[in-house]
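J.: fold the stuff below for me.
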Amino acid sequence: MNGIILFAAAAFLLMTFRLVTVVRMKNAPRGNKRMAWLLYGIGIGALAGAVLVLMNTMPA
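T.: Model (predicted):
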């Protein structure tokens with residue numbers, strides 16, 4: 001179970017780093033920033049769902 005949490009934390013940090021990289025770009029089009037936020041939200045939701053499913057299916 002610790003492996004799942006460790007993987008989720010690493011994935012969260014990587015996705016957040018990529019989002020911040022895109023948002024901080026001065027010359028990036030507004031559409032790219034919106035797409036980055038959309039993909040970040042979908043990714044975080046999918047990650048949370050996967051963690052919940054894995055934690056509920058694995059024996060204690």
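J.: just give me how far the helix or strand that contains residue 10 sits from the chain centre.
T.: Using DSSP states H and E, residue 10 sits in helix 2-23. In terms of C-alpha atoms, centre = their mean, to the nearest Å, the centre of helix 2-23 is set 5 Å apart from its chain centre.
J.: buried residues, that helix. List them.
T.: By 16 or more other C-beta atoms under 10 Å, the buried positions in helix 2-23 come out as 8, 11, 15, 19. In short, each C-beta sits where N, CA and C put it, glycine included.
J.: got TSV for the residues you listed, with pLDDT too?
T.: Converted to TSV, the buried residues of helix 2-23 look like this (pLDDT from 0 to 100):
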residue	pLDDT
8	94
11	96
15	97
19	96
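J.: out of the residues you listed, who's nearest residue 25?
T.: Nearest to residue 25 among those, counting by C-beta to C-beta, is residue 19 at 11.2 Å.
J.: quick one: contacts for that closest one?
T.: Residues near residue 19 by C-beta atoms under 8 Å, 6 or more residues apart in numbering: 36-37, 40.
J.: can you rerun that using 7 Å?
T.: 36, 40 (C-beta atoms under 7 Å, 6 or more residues apart in numbering).
J.: residue 31 versus that one, what's the distance?
T.: 15 Å (C-beta to C-beta, to the nearest Å).
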